[in-house]
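Asks: model the structure of this input:
(4 chains)
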Protein chains: 2
Amino acid sequence: MTRIDDVARLAGVSTATVSRALRGLPTVSAATRRRVLAAAEQLEYAVSPSASRLAGGRTGTVAVVVPRITRWFFGTVVEAVEDILQQAGYDLLLYNLGGREQVRARVLRTADLHKRVDAIMLVATPLRPTDLTALGRLKLPGVTLSSGTVVPGWPCVRIDDVGVARTATRHLLDLGHRRIAHITGDPDDELAYTTHLDRRRGYREALCEAGIEPDPSLDVESQFTISGGTRATEELLRRGDPPTAIFAACDEMAMGAMTALRDAGLRVPQDVSVIGVDDHDLASVLGLSTIAQPAAEQGRLATRILLDPLHGRALPPGSTPYLDTPGSPVILPTRLIVRESTAPPRAH
Amino acid sequence: MTRIDDVARLAGVSTATVSRALRGLPTVSAATRRRVLAAAEQLEYAVSPSASRLAGGRTGTVAVVVPRITRWFFGTVVEAVEDILQQAGYDLLLYNLGGREQVRARVLRTADLHKRVDAIMLVATPLRPTDLTALGRLKLPGVTLSSGTVVPGWPCVRIDDVGVARTATRHLLDLGHRRIAHITGDPDDELAYTTHLDRRRGYREALCEAGIEPDPSLDVESQFTISGGTRATEELLRRGDPPTAIFAACDEMAMGAMTALRDAGLRVPQDVSVIGVDDHDLASVLGLSTIAQPAAEQGRLATRILLDPLHGRALPPGSTPYLDTPGSPVILPTRLIVRESTAPPRAH
DNA sequence: CTGAAAGCGCTTACAG
DNA sequence: CTGAAAGCGCTTACAG
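Replies: Sure, this is the predicted structure:
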């Protein structure tokens, strides 16, 4: 392959000048730059990332860590993040934790990332104290998206999970439901996502405000997946005296709940109302009421924030800084979407 | 950060020996290796990928190109691929084409990838002749997954798309349907996925074998997405004299079709039967009949094939070579899953 | 089994 | 605005 020397020779300049011209540095005359670009094109020159990274000390790469790329929210986020990174010329190094402790350890606890990427995005990744210590030692810029654990010094983009749960629960209360169940994330996971804790809190708060004592038998924990929703709902039904409504912590769980209800001979919403969170692509197909959250927008915003210090870009005049109060999370809005899966309970 | 010299000094050996010991090369005595590993651990040493790549000429990275990470099939494939790459110590560089011509060009037509990765996996990526030429010049090993375009010299892992479509169509024929519509991929895309062409072919073949002349008005093209399925079905209904069954080229289109039918006041399967392809996670939730294909398995297999020449690994004794006939695709099995969305047509 | 030394292909002060 | 030269941190023949 052609190297920088080849281009330099053809353009009649030094390699230093080629390097500067190709990267668009301002200290190159227009005529020289033209010659260099022409030579590079003619030779089909592409810079060697390894050499450039070694010499320049920058990797041009961002690590994106997600729990499971196959879940709707994370896939949507990654797509949006990739789009922005691509435009900015960054590579996206994907880490799909997938519940594999070994991967967690490699990503979060070794110095592996330090020399591999310029910045880190953690999507909904809960951290142990030791993880936080290790991340701090890396001294890399980072951003967290969706709850997970707050990393000191890193911006955070998210929604108001407590508020989301209150809105969903209140919607059911407003319809007249009193026995409202909640199905949510894994109880035994010591790294429990704060997402599910926050959503449960909102659920309980809304109930209490309505004068209803939260009933532990109506609160079932499983996993944030379709089959998790199915299992949780089956457990719920097994306990007898079924609820008239279910608030699922995400749409995928809600879809699982709908299956389990159908299999149990219960109709949605006539027998049981169901509401989720996300506005998954399939929510409208299933007529699922939900609280919509802007997944792609969170990804885009988090990426822009991440790239900002790297590029040292100034904010355009008149624009709002990303963070009103440095250190406080950027909260994006959500909204209730009422479809066919929620209705008043049958007259008692 | 600590460099290789630091480790060498602490272990009392040369950097060459550290390099060899850390990479597990056999030409290092057990005692030396132990000392080196201990020193590396004590110093929390992590090799610099840039330096290692520049010196060694290998990147330890695989490019994975997918049309859209948010579509079920591609997300599932990427998750499986990432798992194998992770275990093998490779980085996964994600390229989500997302219909962006600019990204296509950068990935497929520049020498960008050449110095960036050791191997390429193209998932369902159709290629123009110029793309093929450019890929050939890269002289990198690669593999294609799912149809797309065949790249000379690259192994290919896929299913039998014609056969899948025949099975789906035959299932509908066996139920007694005669007016069977097909909704499938984008017609105007000059890079039309071969997937959708193959599936249409199977559909037509099955009809012809049953003595039915394919009716062009029952063949609607849209996009391989939920909303694509909805639009295609709306178009189908607009044409009047609706079919008694729809074969959708993928489950996501089938789900879109179910929505459109419901919105038009038609019941599935009483008025119209629907069958898709994939066995999407949600197919069972929706009671969608489908042809299941092993997405993760295709990803795993393609990755193993890709890594094989890189590592120069010999196949374990007794194992079957990946490719029976070099150059011929590896075809993975599929199977019909009958759920609630298909039934005999109503008596005329 | 181990080491000294060259070299991978760039970028970056430094000097002009 | 441009160039000569050092250096980024490894790996790899080569020699022993």
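Asks: low-confidence ranges, the stretch 1-150 of chain A, go.
Replies: Scanning the stretch 1-150 of chain A for pLDDT under 70 picks out A:148.
Asks: switch to 80 and redo it
Replies: Low-confidence segments of the stretch 1-150 of chain A (pLDDT under 80): A:1, A:99, A:109-112, A:147-149.
Asks: try the stretch 201-348 of chain A
Replies: Applying pLDDT under 80 to the stretch 201-348 of chain A picks out residues A:308-328, A:347-348.
Asks: closest point of the stretch 101-250 of chain A to chain B, which residue?
Replies: Per CB to the nearest CB, residue A:111 is where the stretch 101-250 of chain A lies closest to chain B, at 3.9 Å. (C-beta placed from N, C-alpha, C; glycine too.)
Asks: my guess is that residue contacts residue B:3. True?
Replies: No. Taking contacts as CB atoms under 8 Å, residue A:111 lies outside contact range of residue B:3: 11.7 Å.
Asks: returning to that earlier point: ok, the residue nearest to the residue of the stretch 101-250 of chain A closest to chain B when sequence neighbours are not counted - contacts?
Replies: Leaving aside its sequence neighbours, residue A:111 sits nearest to residue B:46 (CB to CB, 6 or more residues apart in numbering or on different chains; 3.9 Å). By CB atoms under 8 Å, 6 or more residues apart in numbering or on different chains, residue B:46 lies in contact with A:110, A:111, A:112, A:114, A:115, B:1.
Asks: ok, the third one touching residue A:105?
Replies: No. Taking CB under 8 Å as the definition, residue A:112 is not a contact partner of residue A:105, at 9.9 Å.
Asks: have a look at the two and say which one is more surrounded.
Replies: A count of neighbours by other CB atoms under 10 Å in any protein chain shown puts residue A:112 above the other of residue A:112 and residue A:105, at 18 against 14.
Asks: quick revisit: between residue A:111 and residue B:3, who's got more neighbours?
Replies: Using other CB under 10 Å, the more surrounded residue of residue A:111 and residue B:3 is residue A:111, with 17 against 14.
Asks: so how far is residue A:135 from the more buried one?
Replies: Relative to residue A:135, residue A:111 is positioned 11 Å away (CB to CB, to the nearest Å).
Asks: check residue A:266 too.
Replies: Residue A:266 is 46 Å from residue A:135, where distance means CB to CB.
Asks: and these two? Which one has more around it.
Replies: residue A:135 (23 against 15).
Asks: and the more buried one, what does it touch?
Replies: A:108, A:120, A:127, A:142, A:151.
Asks: ranking by neighbours, what's the top pick from those residues?
Replies: Using other CB under 10 Å as the neighbour criterion, residue A:120 leads these with 27 neighbours.
Asks: quick check: that one is in a strand.
Replies: Yes. Looking at residue A:120 with DSSP: H, G, I helix; E, B strand; the rest coil, it is inside a strand.
Asks: bridging residues for it?
Replies: According to DSSP bridges, the residues that bridge with residue A:120 are residue A:63, residue A:142.
Asks: mind checking how far it is from DNA strand D?
Replies: 20 Å (CB to the nearest atom of the strand, to the nearest Å).
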